[in-house]
Structure formats: C-alpha cells, structure tokens
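1. Quick check, what structure comes out for this input:
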Amino acid sequence: MTSTSMFSDRRGPWAFALGVTMVTCGVLLHIPMFLMGRHNHFMLAGMTVGWDMVAGMAAIVGGMVTAAYGLLPRDVGRQIAASEDIVVSPPEDAPLGWAHWMLMAVLVIALVIDIMKPATLGFVLPGMMTEYQVDKATVSQFPFSALVGTVIGSIVWGIIADIYGRKASMLLSAVMFVGTSICGAMPSLAWNVAMCFLMGVAAGGMLPVTYALLAEMMPSRHRGWSLVLVGGLGAVGGYFAASGFSALLQPMFGWRILWLLNLPTGLTLVLLGAFIPESAKFLLARGRREEARRVMQRFGSKAHKLRVPAAEKLGRTEAVALTGKAFLGKLLALSLAAICFGLIYFGLLLWLPDDLVSKGYSVAVSSKLLAESALIAFPTTFVVAFTYSAWSSKWSVVGSLAVTILGLLGVLRLEMTGSGSPVLPVALLIIGTNGLIAMVLPYAAESFPLRIRGRTTGIVAACTKAGGMLAQLLALFALVPPLGIVSLIIIVPTVGALILVAWFGMETRGRDLRELDPDGHTFAATGM
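-> The predicted structure follows:
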C-alpha cells in the first residue's frame, strides 16, 4: 500500500493498514441497505437503520482514528522544534525527469478524485429533493455542510502539512474519502448532512497539500506550466467525471451511486500514496537524513538551514513575510478571486442542473450538456498552462477572470432570453473558473514565503469554498434569486478581483522562488 520507510518514524504500518481495512469493511456493511432499494430506483428514505449499519459506522470511526494513529509521528514535539530551522528549496536548476512526470501524473489523478466529490453535489440535489420530498432550501443543508467541511479542511490540512509532512496528510484525506461513501446508503437526510461534512473536510484538505508539494518539487523553469496543467486537468477532469458518472449511472442507480463511488476512488488514492514522496523537510526534521537525501536527489532539491537562532529568526521573518501592504494586498486579491470561483463553482454551477431540469430537460440530458461543456473546456487547460509559463503568470490569472466574466454574461443572456443552448456559456464558465482554480492556488504557492506557503495556500483554498458556503447559505434560507440575477451579482466581485490581481499581483514566471521569498537571505546550505 505504501513503502515501509514511510512508517519508519510513525506509530506503525499495521495501525494504518488496520484502519483502512476497518473503514472499508464499515462501508461494505452499508451496501445491503443500498441494494434493498433496487426495486424502488434505490430510494431509501424512511427505511430503518439496521445493526449492520450501526456496526459499520462504528468501524468507520474507529478505523479513521486507528489510521490517524498509524500516521502520527512518534515524537511530535521534537519534529516541530526541528522543522522550524529547516527549509527545502525548490529544485531551481534540475532537469525535468521521470520522477517529476510520475509525480505530476499521480497528483492529476488525486485532484480529479478530490474535485469530483464536491462537484457531484449539483448532480445529486434534484434526486434528493424528489426522494426526501423537500424543497431546495431544505436540501441545501447538504452542500452547505460539505462546503463548511471543505473550508475547515483547507485550513487545518494546510497547517498539518507544514508540521507533519505532505504524504501523511494526503493519506489521511484518502481514508476519510472511503468512509464518506456511506452517504450513498443513508436513509436519513440528517445523517447525510453529517457524513458529508466529513467528506468536505477530506476534500478541502487535499488541495493545499497537493499544490504545496508540487511547488516544492518542480524546477523553476517548469514549475509554472506544470502546476497549472496539474491543477487544470484535475479541475476539468473532476467536473467531467462528476457529470459523466451522473449521466451514465444516475438513470440506472439513482443519485446515491455517485456517493458510493467514494469507496473505489478513495481506495485508489490510498494506493497512489505509494508513488507520492514524503516532504524532504519533514524527513530532515525527523532526523531521517538518508531518506531525505534520496528524495532530494530524485527531484534535485537542496536543504537550507537558518543562520540565526530560532527566536531571532521568528521575530525577523514575521516582520518581513507576514505583514505589510504588499503581503495583505496580494492575499486579499487572491482570496477574492478564490471566493468568486466558489460562488460560481459551488453556487451557480450547482444550481444549474436543477434549473435545466425545471426548464424541461431530463437529469440525463442536463448532465450530458454539462459534460459536453466540460469536454469543450478540456483542451483549454493546455492553453492555460502554456500562457501561465510562457507568457505571464499574473496576466494569465487576470485573463481567466475575464473569461469567467464573459461566461457570466452568457448565462445572464440565456436566462433573460429563455432560449438557446447552455453549452457555450457554461463552457465559458467552466473554462474561466477551471483556469482560475488551476492558476490561483499554484500562483499563491509561488507568491508567498516557503515557511508559510502551506498556510497561505490553505487560506486561498478555503476561500474557494467560502464563496460556495455563502451561496448555499442563501439557498438554505430560500433567498436564491433567479440565475440571471445571480450571474449579475457575481460579476461585480469578479471584476473587483480582476482589478486587485492586476494591481497587487506579482510576476512569478520563471523566477527562482528564493528571489520571491523575503526570508531567503537568512538561509545557508546544509551541505546535503
């Protein structure tokens, strides 16, 4: 499942393996309930929760705790103290080798799986409303709970990744993915709301960790396009997978099957952990110098240590890296852009399937239209990656915001006229928003100092869900206006984000991350 060396300084591989097994068995104990609905198009509302499901839920909770114990460092206090004085610089001059390509491929798959889960929310809402006989405001508790979880997960996992290492935090997210499969077998709406909060925590935790890891591993001359390509393929692939599975499986198995897919996809993430390297910074901090040397040799990284004592260092870097107009302006600009993405991706695009159904489209047809839009957006990911690395990182982000505004205007026109195909405006929205999410987190990872990169990227990642939380809060109180007005309202902050990024954003294309790090002058090579 993972290499033994991964657990050489953890509590133990047996605990992690046992935890994964317990969670998987707990999910499988819910399958009989799902199959009981096969004669009723898999509608389970009102059915009684049996002893097997209770035992399954207990196994899932116990398995998550056991897996987390297996990933826990043996001496947390020592690791934190040691890691304060160690940084690992990006491999600025290393050639792009097989290790880099393998890492990119694995992280694309991880992001597709990660983004597919919250993207599925929009495709399950119509089925949930029909089965539970509730209105849109009531069923909005479901995506709202999931999005609250993603915001919390983005922040918490960003901190965990800085302290405990990238790989361990990604594996823990994967185990939580597996456990949340039982959303597809819960007969109660309330249980669905609770379980999908955990799904949100896991999904939100994956994003900042993935981008921070990739930013630290890629050479500077390849860093820009590789980060954007991985993020773009993950975003478009995630939405395409959600809409594709919806069009393919919902007509046969109902909306619940989309959540049961968390079992195979979550286990896939666990298996992919074998191909994800641990953070060299974490390995050095734990005293595992030989393992760290091998990781850095594979990716061309170099370790650096602070020249000054930790106490003096903290006083200096907080004044330089954590305050100032440039820092705050940059964080505000990227956070607002991320919020606009959330308003569209977890608001407008979530409501769109139900809006199309209300206009007379079937669930299968509406899912197919959105899948076609995502398919149109797919090749533009390569264009975005090229412009980000070959033209300008800053102005590519601005350009994605401009395309997003065009998509919003297209939806506004569609809603006002009541005629025409939604494919083009939705394709523009997907192109713009997926280009934005593909760039804004890598851009954030490049724009902030190494020691706070996980946290600042986590804040921006949290803002991508915060916009969705706001949108779903409106739905929760039945305050959602028609989609035309929604588009008009979202245009305003999107234009604001475009202006702020243009004003405060900095050009990072092809530059050594140490040149962009105000703390860079305090580091000295360790000789590794």
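2. hmm, who's touching stretch 367-381?
-> 123, 229, 232-233, 235-237, 239-240, 243-244, 246-247, 250, 349, 352-353, 356, 361, 421-423, 426-427, 429-431, 434-435, 438 (CB atoms under 8 Å, 6 or more residues apart in numbering). Heads up, the C-betas are built off the backbone N, CA and C, glycines and all.
3. I should have written stretch 99-110 there, sorry.
-> So stretch 99-110 is contacted by 170, 206, 210, 213-214, 217-219, 222, 226, 229-230, 233-234, 237, 268-269, 272, 275-277, 298-299 (CB under 8 Å, 6+ apart).
4. Narrow these to those that are buried.
-> The neighbour count (16 or more other CB atoms under 10 Å) marks 170, 206, 210, 213-214, 217-219, 222, 226, 229-230, 233-234, 237, 269, 272, 275-277, 298-299 as buried among the contacts of stretch 99-110.
5. Okay, and which of the contacts of stretch 99-110 map to helices?
-> Mapping the contacts of stretch 99-110 onto helices (DSSP state H) picks out 170, 206, 210, 213-214, 217, 222, 226, 229-230, 233-234, 237, 268-269, 272, 298-299.
6. thought W225 was touching Y388?
-> Yes: counting by CB atoms under 8 Å, Y388 is a contact partner of W225 at 6.1 Å.
7. what number of residues lie near W98?
-> 8 (other CB atoms under 10 Å).
8. I should have written G12 there, sorry.
-> 15.
9. in the stretch 401-528 of the chain, which spans are strands?
-> Secondary structure of the stretch 401-528 of the chain (DSSP state E, counting those that start in this stretch): strands at 523-525.
10. Can you tell me which helix or strand of this structure has the lowest average pLDDT?
-> In the chain, the helix or strand scored least confidently by mean pLDDT, DSSP states H and E is helix 310-321, which has a mean of 40.
11. Identify the residue spatially nearest to G237, adjacent ones excluded.
-> Leaving aside its sequence neighbours, G237 sits nearest to V112 (CB to CB, 6 or more residues apart in numbering; 3.9 Å).
12. same question but for M416, I mixed them up
-> G484 (5.5 Å).
13. wait, the one you found sits on L412?
-> Yes: using CB under 8 Å, G484 is in contact with L412, at 5.2 Å.
14. More neighbours: the two, which one.
-> The residue with more neighbours, out of G484 and L412, is L412; 19 against 16, by other CB under 10 Å.
15. and the nearest residue to the more buried one once chain neighbours are set aside, what does it touch?
-> Once flanking residues are discounted, L412 sits nearest to S487: 4.2 Å by CB to CB, 6+ apart. Contact partners of S487, counting by CB under 8 Å, 6+ apart, are L348, L408, L409, V411, L412, E415.
16. switch to 10 Å and redo it
-> Counting by CB atoms under 10 Å, 6 or more residues apart in numbering, S487 touches 344, 348, 405, 407-416, 425, 429, 481.
17. next one: T120
-> Per CB under 10 Å, 6+ apart, neighbours of T120: 143, 146, 183, 199, 238-239, 241-243, 245-246, 255, 258-259, 261-262, 350.
18. State the distance from it to G407.
-> 21 Å (CB to CB, to the nearest Å).
19. Which strand or helix spans the spatially closest residue to T210 that is not a sequence neighbour?
-> Of all residues not flanking T210 in the chain, L107 sits nearest, at 5.4 Å (CB to CB, 6+ apart). Following DSSP states H and E, one finds L107 within helix 98-119.
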